[in-house]
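Engineer: Quick one, what's the 3D model for this:
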Amino acid sequence: LALVSTASLPRFIALQSHSNQTRHYLTLQINNGVPYLTFSAQQRTRLAVHEVLYNVNEEGVVMLRAPNGRFWQRNSSNYIVADREPVPTNLTSDPACYFKIYRRSDGHLVFQSLLDNRYLKRYTSHILHSLHASASASDDVHAALPISIALDAAVILPRYIMLFGDNQRYVGDHHERKIDWLKFNKDTPRLAAAHQVIPLLDGNFAILNMNLQKFWRRSPNWIWADVATLSSARDNKDCHFDVLKLSSTLISFMSIANDRLLKRYTEYWQDMLCAIGTTVNDPATRFTVLYSSARFST
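Structural biologist: Sure thing, here's the model as predicted:
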């Protein structure tokens, strides 16, 4: 095994393993509330993309961020789970979050936990075939994982976004009939058109309208901004949304509650946001993303 040069690693990667002669991607999967990393996806979706980061001056040592925005962390049962929210600080205080990467002669990668130098492997005794630190430091039995660059599948939304629709307007709030709707009605990218994106444990997103400080919710297929707290949004599937990447700046949202795309309504309640779209070929389901990592003008 040869230690990998940290700078040579791509930022976004997908990892595979062989199972019954079929390659499965390492993907995020929730089981009993735990975000495991499992070899379970036959296709490389955004939930199979992991971000390589490093903040220590030691060659080959990295931390990895899963598609739910959390960092890989080895838990007390030796599983690698994606549940660490704060950025790991250093090797001394957060050894369970750091991994050393080696490259085999065939180009496949081998991961070693720096908690106690155990190698990672696919744990076939677990029903999920999870990534697990189950091989000893001297054991040659480890997972050698084929790697691919996964920039094309990566979806890393900024913390704050503005969404520009096909009617040349931004999505903002609109109060009518005692309801706070979301509507393509803003001419300029100001606070009233700003939304905060919050990754959820399962890799989906909750979205907060910045002007109202309320979370988006499907009701029944309209999208309203009327949920007051993040805990309420986390517990309500009507507040959960998936993101489909169409290009570097163009996305579509899907409601987890009904598996329909969000779109600009074009009939009686014109320009309201609703979850009734069925195809990204419909221009009303496609949003251009503008963003700021700091603050918005008012």
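Engineer: for the stretch 1-150 of the chain, what spans make up the strands?
Structural biologist: 2-3, 12-19, 22-31, 34-41, 50-53, 61-65, 71-74, 80-84, 99-103, 109-113, 119-123, 130-135, 147-149 (DSSP state E, counting those that start in this stretch).
Engineer: Among those strands, which comes closest to residue 178?
Structural biologist: Of all these, it is strand 22-31 that lies closest to residue 178, at 36.1 Å by CB to CB. The C-beta positions use only the backbone N, C-alpha and C, and glycine is treated the same way.
Engineer: Okay, now the sheet partners of the closest one, with direction.
Structural biologist: In the sheet containing strand 22-31, the strands it pairs with under DSSP bridges are strand 12-19 (antiparallel), strand 34-41 (antiparallel).
Engineer: Name the stretch from the strands of the stretch 1-150 of the chain where average model confidence is lowest.
Structural biologist: For the strands of the stretch 1-150 of the chain, mean pLDDT drops lowest on strand 130-135, to a mean of 80.
Engineer: What angle do strand 34-41 and that strand make with each other?
Structural biologist: Angle, strand 130-135 to strand 34-41, by axes from the mean of the first three to the mean of the last three CA atoms, to 10 degrees: 100 degrees.
Engineer: Now strand 130-135 - C-alpha only, PDB.
Structural biologist: Only the C-alpha atoms of strand 130-135 are listed here, as PDB (Å, rounded to 0.1, in the frame of the first residue of the first chain):
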ATOM      1  CA  SER A 130     -22.100  -0.900   6.300                       C
ATOM      2  CA  LEU A 131     -18.600   0.600   6.300                       C
ATOM      3  CA  HIS A 132     -17.000  -0.700   9.500                       C
ATOM      4  CA  ALA A 133     -13.600  -0.500  11.200                       C
ATOM      5  CA  SER A 134     -13.400  -4.300  11.700                       C
ATOM      6  CA  ALA A 135     -10.000  -5.200  10.300                       C
END
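Engineer: could you redo the strands of the stretch 1-150 of the chain as TSV and give each row distance to residue 283 and mean neighbour count?
Structural biologist: Below are the strands of the stretch 1-150 of the chain laid out as TSV (distance: least, CB to CB, whole Å; neighbours: other CB atoms under 10 Å):
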stretch	distance to residue 283	mean neighbour count
strand 2-3	49	12
strand 12-19	28	20
strand 22-31	31	19
strand 34-41	30	22
strand 50-53	31	19
strand 61-65	33	20
strand 71-74	37	24
strand 80-84	35	21
strand 99-103	43	20
strand 109-113	41	22
strand 119-123	43	22
strand 130-135	40	24
strand 147-149	30	16
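Engineer: out of the ones you listed, nearest to residue 226?
Structural biologist: Once the strands of the stretch 1-150 of the chain are compared by CB to CB, strand 22-31 is nearest, at 26.1 Å.
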